[in-house]
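Asker: generate coordinates for the sequence data below:
(one chain, ligands or ions: 1)
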Amino acid sequence: MSDPNAQRQIPQPPPTEARVLVIYTGGTIGMTPQDGGLAPEANALVKGLRKMPMLHDEEYAKEIGLKDNTLVLPPTEHNKRVVYTVLEYSPLLDSSNISIEDWGTIGKDIEKNYDDFDGFVILHGTDTMAYTASALSFMCEHLCKPIILTGSQVPIFRMRNDGRDNLLGALLIAGQFDIPEVCLYFYNKLFRGNRVTKVNAESFDAFSSPNLDPLAIAEVDFLINWDTVRRADHTAQFHVSTELNCNVGLLRLFPGITTATVTAFLQPPMEGVVLETYGSGNAPDNRPDLLAALKEATDSGVIIMNCTQCLKGTVSASYATGQVLKDAGLIAGGDMTPEAALSKLSYVLAKKEIDFDVKKKMMGKNLRGEVSDFPETKLSLSDGRFIQVIARSLNANYKEKLEAIREALTPPLACAAARIGDIDALKGTNFSLSDYDGRTPLHIAACEGHLKLVEYLLSHGVKVHAKDRYGDTPLGNAVRFRHKEMVKLLRKAGAQLFRDELDKAGTELCSLTASGDLEGLEMWELAGADLNQRGYNGQTSLELAGALGKKEVVAFLEQLKKPKPVFGEIREQRDDE
Ligand code: ASP
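Answerer: Next comes the predicted model:
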């Protein structure tokens, strides 16, 4: 492998230029027809790229004196240039021939050239691109620059091909965006490299990231999903760990797999295995022989990861057939792809400086965004980052704009959190903020019957008397939705029905009486309403119940020997509430 710095003589670029190193390992993108079919051809790609105006501006290259394998894109609409140097491997490989050693070579070349470039693009065959992307994501420690793998389904020299767009998109992202991750760019989408899998051998849309949305989408503009992009890790210097353990393997369960097969697979020198299980991580629990073989292997120091055969979803121990694997010592792989789990094993097992138990812990932990944290980290509205992410996507960089967005978004979001009873999300916010309709988190929580949240809000200074646009209070809401304990709790905190609500009560009580709804009547009684109020036709509930022959209602009302509230005592809303 040659050092591109030795061959190229790029003048120091002005700040409007970004420099990208393209490591060309092979793959369809640069293949030409040969006797045995399509195969990579040495020294053909750069020659071809020089003739493609969308990928090389020859005039500008001459003007600034670019030589050898260094090319330059036409200017972007922001007048930025991406200058890129192609480091071509020899031999070029169909990615079916890529080995663990090749991952190490790519890693070393990135490390060697790390300081000289703003980003890296790796041209690679699609067949094993997901494996290489996953492996590099673990090998690259403390990464602060983008590394983007791409390739194509059709050679770049053909008239209709996906190689040009894929290479152009990868170069533009690597040169312009601060995405410090190992990614895979294909068919207008930028994925996290350790989340992808090849799903289609015939379509340009060849990759899927089933458990994580793309990091970016190339539309008219590049839309970056900053909320998902990982933050650069500046705690230590960038380093590529090229030590990888080859004694790892993938074993897919199928109905009828013999214990002999499993036992043979788990024999030394095997040190790490990804067991591809059914559904949410299940295996037969009526096969003690098979489970014993797995247990024997984990007891003797083989790390076995439980990953699902399903494209989408996660491993969980919700079934007995999943629990047995946990008992056999397998580590749950969550929603990791088998490609990610395998390369993670290879990376972790090669670490000489850490002991076995720590390695096992590392396998269950999220190292590079390869697995979702379950239970999901809760969103907190008080977390400034959340608002910043929204602001960034709305292109608001100024403090005032940020504040305006915060003010506009917090009330509806607080109400949304209250609807699902999410106390954590509400922590630190101003709970008394109301939405457009004057509804506060307390109103919502009272409607939904979230007792714990209401207790929390009341113990954190929330006003119990808030009235919404329609004159309703949280207590009135709790009555309407018949949350008895909620009504009691709010009453204990001093809540009272307001005049507007009481004005409606007489008619409402008569209607409940007519339908013999004792529960409804009891709600009003608990909320402190006078059950002797008259309805629109001048009758009290008791009179109406008598007239209608509703004996249980009569009995119910008569046993209520409550003193009538004095109307003047009914609390009026203060202006400041
Ligand atoms: N067989 C090719 C490779 O993986 C397929 C491709 O590049 O699309 O190298």
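Asker: pick out the residue of this structure closest to the ligand.
Answerer: residue 125 (1.9 Å; CB to the nearest ligand atom). Backbone N, C-alpha and C define where each C-beta goes, glycine included.
Asker: count residues in the vicinity of that residue, would you?
Answerer: The number of residues packed near residue 125 is 24, by other CB atoms under 10 Å.
Asker: where does this protein have low pLDDT?
Answerer: Flagging of the chain using pLDDT under 70 yields the residue ranges 1-15, 317, 374-403, 428, 561-577.
Asker: any idea which residue is closest to the centre of it?
Answerer: Centroid check for the chain by CA atoms, centre = their mean gives residue 212 as the closest residue, at 5.5 Å.
Asker: next up, the contacts around that residue.
Answerer: Residues counted as contacts of residue 212 (CB atoms under 8 Å, 6 or more residues apart in numbering) are 191-192, 195, 228, 369, 372.
Asker: let's see 7 Å
Answerer: Applying CB atoms under 7 Å, 6 or more residues apart in numbering, we find residue 212 in contact with 192, 195, 228.
Asker: follow-up on the earlier one: wait, is the residue of the chain closest to the ligand part of a helix?
Answerer: No: counting by DSSP: H, G, I helix; E, B strand; the rest coil, residue 125 is not part of a helix but coil.
Asker: from what I can see it touches residue 28, true?
Answerer: Yes: using CB atoms under 7 Å, residue 125 is in contact with residue 28, at 6.2 Å.
Asker: got the residues of this protein near the ligand?
Answerer: With CB under 6 Å from any ligand atom as the criterion, the chain comes near the ligand at residues 26-28, 94-96, 125-127, 151, 153.
Asker: any idea how far residue 184 is from the residue lying closest to residue 557 once chain neighbours are set aside?
Answerer: Residue nearest to residue 557 in three dimensions, not counting chain neighbours: residue 542, with 4.7 Å by CB to CB, 6 or more residues apart in numbering. From residue 542 across to residue 184, the span is 75 Å (CB to CB, to the nearest Å).
Asker: between the two, who's got more neighbours?
Answerer: Using other CB under 10 Å, the more surrounded residue of residue 542 and residue 184 is residue 184, with 33 against 19.
Asker: list of residues touching the helix or strand hosting the more buried one?
Answerer: Assigned by DSSP states H and E, residue 184 falls within strand 182-186. Strand 182-186 is contacted from outside by 129, 133, 136-137, 140, 146-150, 166, 169-170, 173, 190-193, 196, 206-207, 215, using CB under 7 Å, 6+ apart.
Asker: what's the span of stretch 273-292, first residue to last?
Answerer: One end of stretch 273-292 sits 16 Å from the other (CA to CA, to the nearest Å).
Asker: buried stuff in that stretch?
Answerer: Neighbour-count burial for stretch 273-292, counted by 16 or more other CB atoms under 10 Å, picks out 273-283, 285, 290-291.
Asker: determine which two of those residues are furthest apart.
Answerer: Farthest apart among these by CB to CB are 274 and 285. That separation is 20.2 Å.
Asker: follow-up on the earlier one: among the residues of the chain next to the ligand, name the buried ones.
Answerer: Among the residues of the chain next to the ligand, those scoring as buried are 26-28, 94-95, 125-127, 151, 153 (criterion: 16+ other CB under 10 Å).
Asker: nearest to residue 496, of these?
Answerer: Nearest to residue 496 out of these is residue 126 (CB to CB; 68.5 Å).
Asker: and the longest strand along the chain, what does it pack against?
Answerer: When the chain is parsed with DSSP state E, its longest strand is strand 81-93. Where contact means 3 or more CB pairs under 7 Å, 6 or more residues apart in numbering; DSSP states H and E, strand 81-93 is packed against strand 17-26, helix 45-50, strand 70-72, helix 163-176.
Asker: what's the closest of the ones you listed to residue 526?
Answerer: Closest to residue 526 of the helices and strands packed on strand 81-93, according to CB to CB: helix 163-176, at 61.0 Å.
Asker: tilt between that closest one and strand 182-186?
Answerer: 150 degrees (axes from the mean of the first three to the mean of the last three CA atoms, to 10 degrees).
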